[in-house]
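Novice: requesting a structural model of the entry that follows:
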Amino acid sequence: MGSKDQWAISKRRGSDEIAPGATASSVDSSAGPKATILIIEDEPPLQNFLNATLTSHRYKTIAALTGEAGLRHAANDQPDLIILDLGLPDLDGVEVTRRIREWSAIPIIVVSARGKEQDKVVALDAGADDYLTKPFSVGELLARVRVVFRHLSAAKPDTGESLFENGDLRVDLARREVIVRGEQKHLTPNEYRLLAVLIKNAGRVMTHRQLLREVWGPGSADENHYIRVYINQLREKIELNAARPVHLITETGVGYRLAAP
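Specialist: Coordinates of the predicted model:
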């Protein structure tokens, strides 16, 4: 995290910017959506400022001072939006974003003192929906929030479900736990990413190219042998009989499908 003067928002005549210690009463407090916003920010003064600003515009807020606490709130409380700092004391905000994206499409607005283009690219590529550089104005923050909710109202909302259960397979995506017939299974990072992508698309056929792009990145689009190797490894761990899979179904010549509950 940077010093406080990196995020301080000064109150200037004729501006909608207010100081962290001030109330947001001077800002238009017309009724906003009754939505819940999770704020993951480790500096209490900024956390309090964001909380006061958003609640004054009639948003509900949840506060988290660490990445792990934020992940728990995201899974248990299923907020409508997450405002996320990158410089957290336990997990980098980019890692928090990646882990949330393994199981949910909850919109994420990054609010960070890191202003370099590469920092923005990395966060957005990890799955953030928007990036706001400190210092910022109240008006800009609220405008970005309104844009997110406009997009949500125009699209089918994500359920944010982090628990997948089908027969003897139970996967808690928020906690990264894979339980098969009551026994916890250890998956390699690539095995887990592959399973998480299939769970997000349970019941749908995923082509080899789609899986390669989602798990290994766009540069691996022709490496079909990756998929075969890791599907076989996953079947050995989660299927009762890997030769007769009931969870990971092969769609010949196309790709694979995870059986839906």
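Novice: check the offset of stretch 88-97 from the chain's centre.
Specialist: 11 Å (C-alpha atoms, centre = their mean, to the nearest Å).
Novice: buried ones in that stretch?
Specialist: Neighbour-count burial for stretch 88-97 flags 88, 91-94, 96-97 (criterion: 16 or more other C-beta atoms under 10 Å). In short, each C-beta sits where N, CA and C put it, glycine included.
Novice: dump the residues you listed to CSV, plus secondary structure.
Specialist: Converted to CSV, the buried residues of stretch 88-97 look like this (DSSP: H, G, I helix; E, B strand; the rest coil):
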residue, secondary structure
88, coil
91, coil
92, strand
93, helix
94, helix
96, helix
97, helix
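Novice: columns distance to residue 247 and pLDDT on top of the residues you listed, output as CSV?
Specialist: As requested, those are exported to CSV (distance: C-beta to C-beta, whole Å; pLDDT from 0 to 100):
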residue, distance to residue 247, pLDDT
88, 35, 95
91, 30, 94
92, 33, 94
93, 33, 94
94, 31, 94
96, 29, 95
97, 28, 94
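Novice: and of those, the nearest to residue 75?
Specialist: residue 96 (12.0 Å; C-beta to C-beta).
Novice: ok, and the closest non-adjacent residue to the closest one?
Specialist: Using C-beta to C-beta, 6 or more residues apart in numbering and skipping residues adjacent in sequence, the residue nearest residue 96 is residue 67, 4.5 Å away.
Novice: by mean pLDDT, point me to the weakest helix or strand of this protein.
Specialist: Scoring the helices and strands of the chain by mean pLDDT, DSSP states H and E places helix 4-7 at the bottom, with a mean of 38.
Novice: what is the next helix or strand along the chain from that helix packed up against?
Specialist: Where DSSP states H and E defines the elements, the next helix or strand beyond helix 4-7 is strand 36-40. If you count contacts as 3 or more C-beta pairs under 8 Å, 6 or more residues apart in numbering; DSSP states H and E, strand 36-40 packs onto helix 44-56, strand 60-64, helix 67-77, strand 81-84.
Novice: again, 10 Å this time
Specialist: Using 3 or more C-beta pairs under 10 Å, 6 or more residues apart in numbering; DSSP states H and E as the contact test, the elements touching strand 36-40 are helix 44-56, strand 60-64, helix 67-77, strand 81-84, helix 93-101, strand 108-112, helix 138-154.
Novice: okay, buried residues for that strand please.
Specialist: 36-40.
Novice: need the helices for the stretch 101-250 of the chain, in chain order.
Specialist: Remark: helices assigned in the stretch 101-250 of the chain by DSSP state H, counting those that start in this stretch are 117-126, 138-154, 189-200, 208-216, 224-238.
Novice: isn't residue 250 right up against residue 259?
Specialist: No: in this structure, residue 250 is not within contact of residue 259 by C-beta atoms under 10 Å, at 11.7 Å.
Novice: pull up the gap between the closest residue to residue 122 other than its chain neighbours and residue 174, please.
Specialist: Closest residue to residue 122 apart from its sequence neighbours, by C-beta to C-beta, 6+ apart: residue 94 at 5.8 Å. Distance, residue 94 to residue 174, by C-beta to C-beta, to the nearest Å: 18 Å.
Novice: could I get the helices of the stretch 101-250 of the chain in CSV, plus columns for distance to residue 62?
Specialist: Below are the helices of the stretch 101-250 of the chain laid out as CSV (distance: least, C-beta to C-beta, whole Å):
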stretch, distance to residue 62
helix 117-126, 21
helix 138-154, 15
helix 189-200, 24
helix 208-216, 29
helix 224-238, 33
